[in-house]
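A.B. asks: next come a sequence and a model predicted from it.
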Amino acid sequence: MRTAVIVFPGSNCDRDAAHALTMVTGKQPAMIWHRATEMSTVDLIVLPGGFAYGDYLRPGAMAARSPILRAVRDHADKGGLVAGICNGFQVLTESKMLPGVLMRNAGLKFICKSVELKVARADTPFSNKYDEAASIQIPVAHHDGNYFAQADELERLEGQGQVVFRYCDNPNGSLNDIAGILNEAGNVLGMMPHPERAMGQNGDQGDGQLFFKSLLDAVG
Amino acid sequence: MTQAQIITDEMVAEHGLSSDEYRILCEHLGRTPNLNELGICSVMWSEHCSYKSSRIHLSKFPTSGERVICGPGENAGVIDVGDGDVVIFKMESHNHPSFIEPYQGAATGVGGIMRDVFTMGARPIALLNALRFGEPDHPKTRSLVTGVVAGIGGYGNCVGVPTVGGEVNFDPGYNGNILVNAMCVGLTRTDHIFYSAAKGVGNSILYVGARTGRDGIHGATMASTEFDDDSEAKRPTVQVGDPFTEKRLIEACLELMATGNILAIQDMGAAGLTSSSIEMADKGGVGIEIDLDRVPQRETDMTPYEMMLSESQERMLIVLKPGTETQSRQIFTKWELDVALIGKTTDTGRLVLSHKGETVCDLPIAPLCDLAPKYDRPWIETPPAPVLEYGDLPDRDAVSVLSQLMSCPDMASKRWVWEQYDRHVMGDTLFASASGSDAAIVRLHDSEKGLAMTSDCTPRYVKADPFTGGKQVVAESWRNLIASGADPIAITDCLNFGNPENPQIMGQFVRAVEGMAEACTALEFPVVSGNVSLYNETNGVAIPPTPTVGGVGLIPDLAQRAGYFGACEGDSLYLLGPTAGWLGSSLYAREIEAMRDHAPPPVDLELERKNGHFVTEAIRAGLLHAVHDLSDGGLACAAADLAIASQIGISLETHDSLPNHGWFFGEDQARYLVCLPASRLEKLQKLADKADVLLTFVGEVGGKDITLGSARMNVTELTRKWEQWLLEYMESKHANGS
């Protein structure tokens, strides 16, 4: 599997994502600077966590207007896989590649903890290695992860089965306990929790590994 | 040269210089300084920059050792952790700014300490912080906690360095002067260490990072005076941080370092452009010429005085190899940072500043550093504290005492705090604040080696007996590293005290330093970096003496890391080390009997060594399920930590001859609680016999209750109480009128 990680000024999980991808695919991803306007063909693009542009204006808002986003969108339009993790999810909603917005956490504070997620769909390229309805432990670390969408949008999201991960104990006020969603085509995913921080190396259960292994499997 | 303004006595006093200091300055200049020069000299000679009251005592610390590559004097200390890796670390205070403006004060404290570390070539890999607030009922405490914690999180989370450990304590002694001590630990390679000594003549000086604004002017001088009721009017001198700029600065500097273009590099910390340029020139024995018109400026019409004294954050000064200017500038342009060539190194040994075509400052550099005042301030010994006889104390129900202690502000869970810190970014955190370990543990990336880090101080001991308290601070740091499975290597310190011009306070400082030095020597645990913060007083009331220690150790194989979360049903508990039932200055005395300032527990450094080495041996022999150092609250609180972290019951036996309070809650030093299955007892006893250490059976693991003698309490209930205090305190917005 050929992969790429987009690096914005302020990204800070870019190296963590690269480490996880290398662990699972055996190959280092291409690290693409946000000013690049084109990139070689890959199977998966990861938009990493962090604070692109310092979260100024709104988290993800400025990064969504970075030159590289055009290439990311082209890749997605051709059916290529895109995973936005944490700040990457925020970039995807700000660029309208995913519906809804990520607002400030209901408790107004930054939250860093391991949370239990329910795998709502185990038949997507991002989750096919998980068991249907499995409970998994993945850490969250964000200030703005409170997912919101208009009622009709939310209805469509649910109706089309676009919710992939839900919180078992909602930490941030997200509607319908939403932790991760797909686009309509099913090839772009955004999630607030960090699977790259749950690779089993640090005394954790390693539940994030299957996220990356799912992608490996999907690409073949 | 400009000499427009006559310097009056008032101006000298406003700059915090004594009339003697001013006289010395004039003598060496052979003339009176102009205002710019006065400003520059005043910050260089401030307590904060010159360590004038502390230097002669700091020289008592042992600063070298097998693994020490660079001790105090540079931006941070450097230790060798093997295989070509080095660890660079330092702790620093940001007390005064944090009291005035908690969010920005704490945030810029984190930013500043990170710059000290990456300036030397290391990528920051961990942050810790030691926070001391006033009593919970004080009307300011809650908002200070809120602001400081948000500031630390806001900065560290954004930059993307995990905040893995620290301390949060409350004491009325900090009501008017909180302490915010931040520590940063970084990692690099032996051949990738950068120093600040400017080299050569005619080399370009590059300014990079944020623009210079009017924030923080005279921050160093503010940090060198006491507070009074008007201190909040000093808010404009607090700097404003921008972690996004810091993050780009780290990446850009590391990128530039990889090119080999750098001859010297220094961050602009306290006293900004002044101290960075002067220190670089002084260390390199060269002069520096700066054209202030080229300094990137955030505001219009800034004067030379303002530019030189600004403490705007996220700025660095670099001396470049000739011919590398263009390539170096491009790196910063890529990261969208301001960059400017502002001057050159010279052979004059002088700091020469020009502004709008005029020379506005021309000072000899060496005297500014060499002649910086150095005081042997008068001091008096703290009178010996009375010994608290445990026979004088009433007998109480041990379990209700335990519940009270575990839920008191100092002991209660700090979940509310650390859940606001990103503890896992960078992907190498094994143990952070939540994990049931005496130290935070971070993997050295892509290896099986780990770093253990801890921050410690027991101010109530230091206050009652500065010498013994000083020894204890170091010993506890050492024990915490041992109990996490590490070989302790070195410490950084952050010495927070009151006004050194008061002989009693100076006595606290001198004796605490001597105690620390003795322990550092005995435990082969040298000081490699540090910071002194004096004048921590408000309206003449000094803080409790608080010499915080940041310890770093190496875990050679992470499979042998240790903690206190692994207790299993049926395990036996053994106490290592002798117990006399020492209650003086204990948490028990303070919280239960409201008794303070009795003699603290004696510290036997030989015993510390012996017991510590035994624990290391037992951990590495794979004998222990859990191990915990005994500190605040003694045996019973250590056992409660174990029970809570492992979520299992524990029963402790009473002692044959000691009363319950002394046995369960005494704070005798050099002790550890170890937990292991019965099958390994024989091996452990053999090791103990060989090491000649005292191992006493104290209880068993199992069931759902914590039992002290015959009294018991459910572990779930104890956990709830322990978790609850801070959460409830922080959420109860309307309590005590704040």
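C.D. replies: That came through, no problem. Numbers count the residues shown, from 1 in each chain, chains lettered A, B, ... in the order given.

A.B. asks: so for the nearest residue to residue B:660 once chain neighbours are set aside, what's the pLDDT?
C.D. replies: Of all residues not flanking residue B:660 in the chain, residue B:398 sits nearest, at 4.9 Å (C-beta to C-beta, 6 or more residues apart in numbering or on different chains). Every residue, glycine included, has its C-beta placed from N, CA and C. pLDDT recorded at residue B:398 is 96.

A.B. asks: show the contacting residues for residue B:398.
C.D. replies: Residue B:398 makes contacts with B:636, B:660, B:661, B:664, B:708, B:709, B:711, as judged by C-beta atoms under 8 Å, 6 or more residues apart in numbering or on different chains.

A.B. asks: the nearest residue to residue B:497 once chain neighbours are set aside: which element?
C.D. replies: Once flanking residues are discounted, residue B:497 sits nearest to residue B:509: 4.9 Å by C-beta to C-beta, 6+ apart. Using DSSP states H and E, residue B:509 maps to helix B:503-522.

A.B. asks: just the angle between the following helix or strand past that helix and helix B:503-522, please?
C.D. replies: Proceeding N to C from helix B:503-522, the next assigned helix or strand is strand B:527-533, under DSSP H and E. Interaxial angle of strand B:527-533 relative to helix B:503-522 (axes from the mean of the first three to the mean of the last three C-alpha atoms, to 10 degrees): 170 degrees.

A.B. asks: how about strand B:527-533 as CSV, C-alpha atoms only?
C.D. replies: Included here for strand B:527-533 are C-alpha records, laid out as CSV according to Å, rounded to 0.1, in the frame of the first residue of the first chain:
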residue,chain,number,x,y,z
VAL,B,527,22.7,18.8,39.0
VAL,B,528,23.0,19.6,35.3
SER,B,529,20.8,22.6,35.0
GLY,B,530,18.5,24.8,36.9
ASN,B,531,17.0,28.1,37.8
VAL,B,532,16.6,30.3,40.9
SER,B,533,13.5,32.2,41.6
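
A.B. asks: distance from the chain centre to stretch B:367-377, please.
C.D. replies: Here stretch B:367-377 is found 25 Å from its chain centre; the criterion is C-alpha atoms, centre = their mean, to the nearest Å.

A.B. asks: if we go by neighbour counts, what in that stretch is buried?
C.D. replies: The neighbour-count criterion (16 or more other C-beta atoms under 10 Å in any protein chain shown) identifies B:367, B:368, B:369, B:371, B:372, B:373, B:377 as the buried residues of stretch B:367-377.

A.B. asks: now, which of those residues sits nearest residue B:174?
C.D. replies: Distance to residue B:174, by C-beta to C-beta, is smallest for residue B:377 among the buried residues of stretch B:367-377, at 23.4 Å.

A.B. asks: any idea how far residue B:20 is from that closest one?
C.D. replies: According to C-beta to C-beta, to the nearest Å, residue B:377 and residue B:20 sit 14 Å apart.

A.B. asks: same deal with residue A:78?
C.D. replies: 77 Å.

A.B. asks: how about residue B:108?
C.D. replies: Taken as C-beta to C-beta, the span from residue B:108 to residue B:20 is 33 Å.

A.B. asks: of those two, which one has the most company?
C.D. replies: residue B:108 (31 against 9; other C-beta atoms under 10 Å in any protein chain shown).

A.B. asks: let me see the contact set for the more buried one.
C.D. replies: Per C-beta under 8 Å, 6+ apart, neighbours of residue B:108: B:94, B:97, B:155, B:238, B:239, B:240, B:241, B:313.

A.B. asks: so it, which state does it fall into?
C.D. replies: helix (DSSP: H, G, I helix; E, B strand; the rest coil).

A.B. asks: what's the burial count for the closest residue to it other than its chain neighbours?
C.D. replies: In this structure, residue B:108 finds its nearest non-sequential neighbour in residue B:241, 4.2 Å apart by C-beta to C-beta, 6+ apart. Residues within reach of residue B:241, counting by other C-beta under 10 Å, total 27.

A.B. asks: which stretches of the stretch 251-400 of chain B form helices?
C.D. replies: Along the stretch 251-400 of chain B, counting by DSSP state H, counting those that start in this stretch, helices occupy B:272-284, B:304-309, B:325-334, B:365-370, B:398-406.

A.B. asks: and the fourth one, what does it pack against?
C.D. replies: Here helix B:365-370 is seen to pack against helix B:35-44, helix B:272-284, strand B:350-355 when contacts are counted using 3 or more C-beta pairs under 8 Å, 6 or more residues apart in numbering or on different chains; DSSP states H and E.

A.B. asks: quick check: the residue of the stretch 451-600 of chain B nearest chain A.
C.D. replies: Residue nearest to chain A within the stretch 451-600 of chain B: residue B:561 (8.7 Å; C-beta to the nearest C-beta).

A.B. asks: wait, what's in contact with that residue?
C.D. replies: Taking C-beta under 8 Å, 6+ apart, one finds B:430, B:431, B:437, B:441, B:450, B:452, B:484, B:485, B:555 in contact with residue B:561.

A.B. asks: closest to residue B:268 among these?
C.D. replies: residue B:452 (31.7 Å).
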